[in-house]
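K.L.:
Next input, structure requested:
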Amino acid sequence: MHSLQAPPLCRQAKLEARFPGLQITVSKKADALFPTVSAASICAKVVRDRALETWRCPETVPMDVTKLGSGYPADPQTKRFLAEGMDPVFGFPSLVRFSWSTCQTLLDKSAVGVQWEESDEEMDEAAQNTPSVASFFGGGSAQRHVFFTECRLKPAAPL
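P.N.:
Here you go, the predicted structure:
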């Protein structure tokens with residue numbers, strides 16, 4: 001399996017835990033190293049290309065998918081399609097992966113900035129992780145900074 005962006009060994013361990021009966025190999029450039037991954041990649045591209053040929057954009061934005069290019073963010077025609085098809089408020093049509101760095105860059109440069117209000121969930125989580133004022137006073141041993149713990153440093157003399 002191709003490792004995508006995750007470190008190969010982390011992804012492999014996660015998949016092996018999920019599918020304990022299977023032997024799984026995850027590596028970078030798997031499509032160049034393993035014929036089955038290469039074949040699967042070609043099949044996926046053919047399926048994607050056929051789906052794009054008949055794509056009907058659910059948004060009301062007029063979109064000519066024939067100008068999409070290869071669909072890969074490094075393709076100049078795809079970059080042009082993204083730049084021309086981006087709405088400054090709503091971003092891209094649902095066809096586009098907003099997570100691509102190409103899309104993120106376009107949104108950061110050309111889209112309207114948005115500042116979101118904290119949700120109740122986030123505020124509750126922040127309150128849970130905030131120690132009470134009383135915790136700063138009174139007994140108890142002070143917790144050592146993570147730096148000292150990770151470096152396995154100990155005091156030379158008692159404080």
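K.L.:
What's the local residue count around Leu68?
P.N.:
Neighbours of Leu68 under the rule other CB atoms under 10 Å: 20. For every residue, glycine as well, the C-beta is placed using N, CA and C.
K.L.:
Kindly provide the whole-number mean pLDDT of whichever strand or helix holds Leu107.
P.N.:
Using DSSP states H and E, Leu107 sits within helix 101-110. For helix 101-110, mean pLDDT rounds to 90.
K.L.:
Show me which positions of it end up buried.
P.N.:
102-103, 106-107 (16 or more other CB atoms under 10 Å).
K.L.:
Relative to Gln128, which of the residues you listed is nearest.
P.N.:
Checking these against Gln128 by CB to CB gives Leu107 as the nearest, at 31.9 Å.
K.L.:
How is this structure divided into domains?
P.N.:
1-54, 56-112 (automatic domain parsing).
K.L.:
okay, how far is it across the longest one, tip to tip?
P.N.:
Across domain 56-112, the terminal residues are separated by 26 Å (CA to CA, to the nearest Å).
K.L.:
could you pull out the helices for the chain?
P.N.:
Under the criterion DSSP state H, helices of the chain are mapped to 8-18, 30-33, 35-53, 76-85, 101-110, 120-129, 146-150.
K.L.:
Return the distance of the first one from the chain's centre.
P.N.:
Between the mean C-alpha location of helix 8-18 and the chain-wide mean there is a distance of 17 Å, by CA atoms, centre = their mean, to the nearest Å.
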